[in-house]
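Student: Sequence and predicted model, in that order:
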Amino acid sequence: MPPQALVEIQNVNFAYGNRPILKGVNLSLPKGKVIAVMGGSGCGKTTLLRLIGGALRPSSGQVKVDGQVIHELDHNKLYLMRRKMGMLFQFGALFTDMSVYDNVAFQMREHTDLPEEIIRDLVLMKLHAVGLHGTHHLMPAELSGGMARRVALARAVALDPMLIMYDEPFAGLDPISLTVVGNLIRRLNDALGATSIVVTHDVQESLKIVDYIYFIADGVIVAEGAPDEIRSSSKPFVHQFVHGEMDGPVPFHYPGGNYQQDLGLRT
Amino acid sequence: MIGLTKKLRSIGHHVVDAVWRTGYAARFFFLILLYSGTSFQRFRLTVKELFSSGVMSLIIILVAGMFVGMVLGLQGYETLKRYGSESALGSLVALSLVRELGPVLAALLFASRAGSAMTAEIGLMKATEQISAMEMMAINPIARVVGPRFWAGVISMPLLSALFSAMGVFGGYVVGVVLIGVDQGSFWSQMQAGRGLSTRHTKWRDQERRIWGGRDRHRTI
């Protein structure tokens, strides 16, 4: 029997207005694993995270987290569920008017009655876990991109969530920060006994740290597998994506009609 | 024909859009009221916003009030002088400020100073996904971000408007009494006799009766 799934996405369709984004996506996140969801820009990866977080409703199908269908929960239950989720946004989304300390302490103060001394210890522990002990007095504007991402990571795991979602955690980082953030994702997941979903298009970095990978293209899952299977996959789309080739199943040219005709050349 | 249809359609579209926006704003307003508990339970949040919207608007409100009062003093004096009733200057300045100009101008200044600052702040939070992050942390952004700012505005606006009027009266005094030389005693006593907001001011009561119908709603007071 496979390990129990924390998140199950069953036949989910979603459209922004008339523009369909997801067309029948099925995937599941087994407990304790780090799962990557990859695909080109604008293919609906972030939408998927928003569906799991309950910020969007699927037009059909269902998203189950911890056995409960997210879009059927009422406001209070949804908020209770979200307390068990942590999310790292693309550029950290740190609160710019608060110090690093206040950012990490934010959820503890809002959701718990812990006394300030305990919150202080917890914040320092979380910051230490991401290697940023001693930065608690800085403001977000004083941090480098990689540091901000790590602070945001500390904030995302502030309440020891069961599910951690990462929206493009590797975007815009230098190689060192990239490795650091990648390793932190793996280590925090294992230390907290959580389940992680990483939405990314950084193939090389994520292949190093994840357990399983889903590829999304044109609104459906086109490929899935463990990192080794993906590396050696012969599927044209996966091959193009993993090796970053310019032309292939994803064409270089936008389907823009007849070029020669538009230039007024005789064909 | 097609052009006309297109035009009609675009008018309809704009109207529907305007109605939709009005409804959206109303809904937003009710949500603020619904979630205003936080603003009072954790009054520190509101106090912080009181500082950044109320206190930070003080300078512009005071300076503008001073200038409006000075202009009223000067122009009012020029007009009243022709009828030999310069002594009524105090009441003119005070009445026009307290009843009309004070609240309106203070509101406009508050909207442009504090309102635009709030818009920029919340807009930045929205653009950098801070609002989404808050929602994902199970914290209602309307309760946590919008509510305290709204109530800070509700609390500080009347105070700012009063300060605007007070500053205006002072400006009128500086121009009228100190610089031009209107009699100090009549300036202040006429102002008090005018009784800025008193309901016993008969001329205003007549006007009100004309507007609201025959019943004299002040009789019971």
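Tutor: It's in.
Student: Not counting its neighbours along the chain, what's nearest residue A:235?
Tutor: residue A:223 (5.3 Å; C-beta to C-beta, 6 or more residues apart in numbering or on different chains). All C-beta atoms are positioned from the backbone trio N, CA, C, and that covers glycine.
Student: hang on, that neighbour packs against residue A:234?
Tutor: No. Under the criterion of C-beta atoms under 8 Å, residue A:223 is not in contact with residue A:234, lying 10.5 Å apart.
Student: what about the residue nearest the centre of chain A, which SS state?
Tutor: Among the residues of chain A, the one closest to the centroid is residue A:166, at 2.7 Å (C-alpha atoms, centre = their mean). Counting by DSSP: H, G, I helix; E, B strand; the rest coil, the backbone at residue A:166 sits in strand.
Student: hmm, back to that, give me the more crowded residue out of residue A:223 and residue A:234.
Tutor: Neighbours were counted for residue A:223 and for residue A:234 using other C-beta atoms under 10 Å in any protein chain shown; residue A:223 has more, 19 against 6.
Student: Quickly find the element holding the more buried one.
Tutor: strand A:220-225 (DSSP states H and E).
Student: Could you tell me which strands that strand is paired with, and in which direction each runs?
Tutor: strand A:212-217 (antiparallel) (DSSP bridges).
Student: Outside of the strand it pairs with itself, list whatever touches it.
Tutor: Contacting residues not belonging to strand A:212-217 are listed as A:22, A:25, A:27, A:30, A:33, A:35-40, A:43-45, A:48, A:206-207, A:221-227, A:230, A:237-238, A:241, A:249-250 [C-beta atoms under 8 Å, 6 or more residues apart in numbering or on different chains].
Student: now stretch A:74-88
Tutor: For stretch A:74-88, using C-beta under 8 Å, 6+ apart, the contacting residues are A:49, A:52-54, A:65-66, A:68, A:70, A:73, A:107, A:111, A:149, A:152-153, A:156-159, A:161-167, A:169, A:194, B:133, B:135-138, B:140.
Student: what does stretch B:149-158 give?
Tutor: B:32, B:36, B:39-40, B:46, B:49-50, B:52-54, B:57, B:106-107, B:110, B:114, B:118, B:122.
Student: 10 Å instead, please
Tutor: Here stretch B:149-158 makes contact (C-beta atoms under 10 Å, 6 or more residues apart in numbering or on different chains) with B:29, B:32-33, B:35-36, B:38-40, B:43, B:45-55, B:57-58, B:61, B:103, B:106-107, B:110-111, B:114-115, B:117-118, B:121-122, B:142, B:160, B:163.
Student: the strands in chain A, which residues?
Tutor: In chain A, the strands defined using DSSP state E lie at A:5-16, A:19-30, A:34-38, A:60-65, A:68-69, A:85-88, A:163-167, A:195-200, A:212-217, A:220-225.
Student: where in chain A is pLDDT low?
Tutor: A:1-3, A:267 (pLDDT under 70).
Student: In ChimeraX, how would I select the buried members of the contacts of stretch B:149-158?
Tutor: Those of the contacts of stretch B:149-158 that count as buried under 16 or more other C-beta atoms under 10 Å in any protein chain shown are selected in ChimeraX with:
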select /B:32,35,36,38,39,45,46,49,50,52,53,54,57,61,103,106,107,110,114,115,118,122,142,160,163
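Student: ok, residue 162 - contacts?
Tutor: Chain wasn't specified; assuming chain A. Per C-beta under 10 Å, 6+ apart, neighbours of residue A:162: A:6, A:31, A:65-66, A:81, A:83-86, A:192-195.
Student: my question was about chain B
Tutor: B:65, B:98, B:102, B:103, B:106.
Student: Tell me the buried residues in the helix or strand residue B:147 falls within?
Tutor: Taking DSSP H and E as the criterion, the element that holds residue B:147 is helix B:147-173. For helix B:147-173, a neighbour-count test (16+ other C-beta under 10 Å) marks B:147-153, B:155-157, B:160-161, B:163-173 as buried.
Student: Please name every helix or strand in contact with the very next helix or strand once past it.
Tutor: For helix B:147-173, the succeeding helix or strand toward the C-terminus, using DSSP H and E, is helix B:184-194. Judged by 3 or more C-beta pairs under 10 Å, 6 or more residues apart in numbering or on different chains; DSSP states H and E, helix B:184-194 is in contact with helix B:89-95, helix B:147-173.
Student: Which parts of the stretch 1-150 of chain A are helices?
Tutor: A:45-53, A:75-83, A:100-111, A:116-129, A:145-156 (DSSP state H, counting those that start in this stretch).
Student: residues in the stretch 101-250 of chain A within reach of chain B, list them.
Tutor: A:103, A:106-107, A:109-111, A:140, A:152, A:155-156, A:158-159, A:161, A:165, A:167 (C-beta under 10 Å from any C-beta of the partner chain).
Student: Greatest separation within the residues you listed: which pair is it?
Tutor: Distance extremes for these: the farthest pair is A:109 and A:167 at 24.1 Å, using C-beta to C-beta.
Student: The two - which one has more neighbours?
Tutor: More crowded of residue A:109 and residue A:167, by other C-beta under 10 Å: residue A:167, with 22 against 14.
Student: Which residue, neighbours along the chain excluded, lies closest to that one?
Tutor: residue A:90 (5.0 Å).
Student: And the one you found, how close does it get to residue A:78?
Tutor: Separation of residue A:90 from residue A:78 (C-beta to C-beta, to the nearest Å) stands at 23 Å.
Student: by how many degrees do the helix ranked longest in chain B and helix B:147-173 diverge?
Tutor: Longest helix in chain B by number of residues (criterion: DSSP state H): helix B:2-34. Taking axes from the mean of the first three to the mean of the last three C-alpha atoms, to 10 degrees, one finds helix B:2-34 and helix B:147-173 inclined to each other by 90 degrees.
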